[in-house]
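1. Everything below, folded, please.
(one chain, ligands or ions: 1)
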Amino acid sequence: MGSAVLSDSKIVATYRERTQGSERLAGEAKDLFPSGVTHDARNLQPYGIYVTRAEGSHKWDVDGNEYIDYFGGHGALLLGHNHPKVLAAIHEALDNGTHFGANHALEIRWAQLVQKLIPSAQRVRFTSSGTEATLMALRLARAWTGKSKLVRFKGHFHGWHDHMTSGFRSHFDGSPTVGVLSALAEKVVLLEPGDIDAARSLITSDHEIAAVILEPTGLLFSRVPGSPDFLTVLRDLTDQHGIVLIFDEVVTGFRVSPGGAQAFYGITPDLTVLAKVLAGGLPGGAVAGRKEILDALDFDVTKREGREKIQHQGTFNANPLSAAAGVAALEIVASTDACKRANASATMLRAKLNEVLDAEQVPWAAYGTFSAFHIFTNPKNRKVAPSTFDPLSYDFEELTTNPPGLVHKLRLALLINGVDIIGQPGGTVSAAHTEEDILNTAGAFREAVKMLKCEGDL
Ligand SMILES: Cc1ncc(COP(=O)(O)O)c(C=O)c1O
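-> Numbers count the residues shown, from 1 in each chain. Down below sits the predicted model:
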């Protein structure tokens, strides 16, 4: 299995034919946006689809093609597109005004739901995105401990701000990514995911560590799976050494269970970073956690204790529309089995995709936990039995690398067959996906695999 070639491909030609409206728009976009896109994950060769509307688990492009959607608003849409209660709440809020430049009752209800669901959330501060929220969590940790270093794990994603770019996709030696000051990167210590011995030896010997941050289910929502044992060890070590433990639950919060990964595993971090499901499909993030740590944002407490207050502005913090959508979504998460249904549908999807791979004798595998699915594309071309695939037997590099060009072609082949996935490749399953969606996805996957076989890519 070599690199997939996009030129002279029937898959590409068929895709172009079906998506002429998207191609026209992509032609305009390329003179406006770098690579014609507004988010790196939307980059697709030769161009991505332009979507006009969405409903439940489906979306439609400008050419009228319908897709089963596993992009899920980059993971924000646990409840699927346009959940009627979320939509009604947004409409009602919209009629009242989009920005009051003042406190409002919905932000209270929103934070109460966060407090009720997320075990660590003694206090909450809303932001406009997950990136902003991790940035604030790290600053809070440094302010609380008076220490400077941050520990993170290779490949874990915490947004795109300067502290957290080295070691996500590249710069695994800890050197700064382009445009980032080396002085910042030097203060971020990068460890191998799941390496308990390295974490223990670092934490017990380095007394300058302010915080340890990680995605609790493993990087990229378990593309390289984590383990609860690792979380337990980190919790103990950080407790013993006065280090702030931060769970980045931007994806997992309100998704793996109503109380996120921390409630599921029964391990409470000092700070939690939230976004995506939090805001019901509109922009929004939050840092939540121990009162005494968030007190660094409190005018009165910092004055009384003679501490310097952390400044925090943000024009759209807790904006009324996001608050309305967030309240509606979290009420549903709290009172229904939405998380469980999404998890169960993902389990079924992973099994069905593996049945296809088994039947087509393709040495790939679908795997993942909770409502995630990941497709292992076997970059080293090993012998793999899809249904018994165990990601724990593979290393970071193999799980996070794909044969060049192949993912673009797989995505195009799936789009032709009515399915939109993300490019890792994989996706998130929502509570709106039905059994019929899953079976249709498996059918589409089989057709896509056959198309790739025809072109000699598999
Ligand atoms: C685990 C994790 N942390 C942080 C972020 C950044 O969130 P945002 O895109 O809202 O800035 C993301 C976004 O995908 C994420 O997956």
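2. use CA for all of it now, contacts and neighbours both
-> Fine.
3. Dihedrals phi and psi, the closest residue to the ligand within the stretch 251-400 of the chain?
-> The stretch 251-400 of the chain approaches the ligand most closely through Val251 (5.3 Å), counting by C-alpha to the nearest ligand atom. Main-chain torsions, Val251, degrees, to the nearest 10: phi -90, psi -40.
4. can you pull up the bridge partners for the closest residue to Gly226 other than its chain neighbours?
-> Nearest residue to Gly226, sequence neighbours excluded (C-alpha to C-alpha, 6 or more residues apart in numbering): Gly218, at 3.8 Å. Per DSSP bridges, the residues bridged to Gly218 are Pro225.
5. returning to that earlier point: what about the residue of the stretch 251-400 of the chain closest to the ligand, how many neighbours?
-> Neighbour count of Val251, defined by other C-alpha atoms under 10 Å: 27.
6. Same check on Asp63?
-> Asp63 has 16 neighbours, counted by other C-alpha under 10 Å.
7. Distance check, it against Asp248.
-> For Asp63, the distance to Asp248 equals 38 Å [C-alpha to C-alpha, to the nearest Å].
8. cool, Lys147 as well?
-> Going from Lys147 to Asp248 by C-alpha to C-alpha gives 20 Å.
9. does Leu399 sit in a helix or strand, and which one?
-> Assessed by DSSP states H and E, Leu399 sits inside helix 396-400.
10. In three-state terms, label the residue in the stretch 201-350 of the chain that the ligand sits nearest to for me.
-> Residue nearest to the ligand within the stretch 201-350 of the chain (C-alpha to the nearest ligand atom): Val250, separated by 4.8 Å. Going by DSSP: H, G, I helix; E, B strand; the rest coil, the secondary structure assigned to Val250 is coil.
11. What about it? Give its phi and psi, please.
-> Dihedral angles (degrees, to the nearest 10) for Val250: phi -60, psi -40.
12. How far off centre is stretch 17-32?
-> Centroid separation for stretch 17-32 versus its chain: 27 Å, with C-alpha atoms, centre = their mean, to the nearest Å.
13. pLDDT of that stretch, averaged?
-> Averaged across stretch 17-32, the pLDDT comes to 98.
14. list the contacts for His81?
-> 54-58, 72 (C-alpha atoms under 8 Å, 6 or more residues apart in numbering).
15. mind redoing it with 6 Å?
-> By C-alpha atoms under 6 Å, 6 or more residues apart in numbering, the contact list for His81 reads 54-56.
16. Counting neighbours, which of the residues you listed comes out on top?
-> Neighbour-wise, these (other C-alpha under 10 Å) top out at Gly56, 20 neighbours.
17. Now it: phi and psi?
-> Backbone phi and psi, for Gly56 under degrees, to the nearest 10, turn out to be phi 60, psi -120.
18. Quick one: the strands in the stretch 201-350 of the chain, in order.
-> Under the criterion DSSP state E, counting those that start in this stretch, the stretch 201-350 of the chain carries strands at the ranges 209-214, 218, 224-225, 244-248, 271-275, 285-289.
19. okay, those in JSON lines with mean pLDDT, distance to Asn402 and mean neighbour count next?
-> Listed next are the strands of the stretch 201-350 of the chain as JSON lines, based on pLDDT from 0 to 100; distance: least, C-alpha to C-alpha, whole Å; neighbours: other C-alpha atoms under 10 Å:
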{"stretch": "strand 209-214", "mean pLDDT": "98", "distance to Asn402": "24", "mean neighbour count": "26"}
{"stretch": "strand 218", "mean pLDDT": "96", "distance to Asn402": "19", "mean neighbour count": "21"}
{"stretch": "strand 224-225", "mean pLDDT": "96", "distance to Asn402": "14", "mean neighbour count": "22"}
{"stretch": "strand 244-248", "mean pLDDT": "98", "distance to Asn402": "25", "mean neighbour count": "28"}
{"stretch": "strand 271-275", "mean pLDDT": "99", "distance to Asn402": "28", "mean neighbour count": "32"}
{"stretch": "strand 285-289", "mean pLDDT": "98", "distance to Asn402": "31", "mean neighbour count": "28"}
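20. thinking again about what came up before, the residue nearest to Gly226 touches Ser227, doesn't it?
-> No: using C-alpha atoms under 6 Å, Gly218 makes no contact with Ser227, being 7.3 Å away.
21. can you list the residues that contact the lengthiest helix in the chain?
-> Across the chain, the longest stretch assigned as helix under DSSP state H is helix 338-359. For helix 338-359, contacts defined as C-alpha under 6 Å, 6+ apart pick out 255, 257, 365-367, 370-371, 386-387, 429-431, 438, 442, 446.
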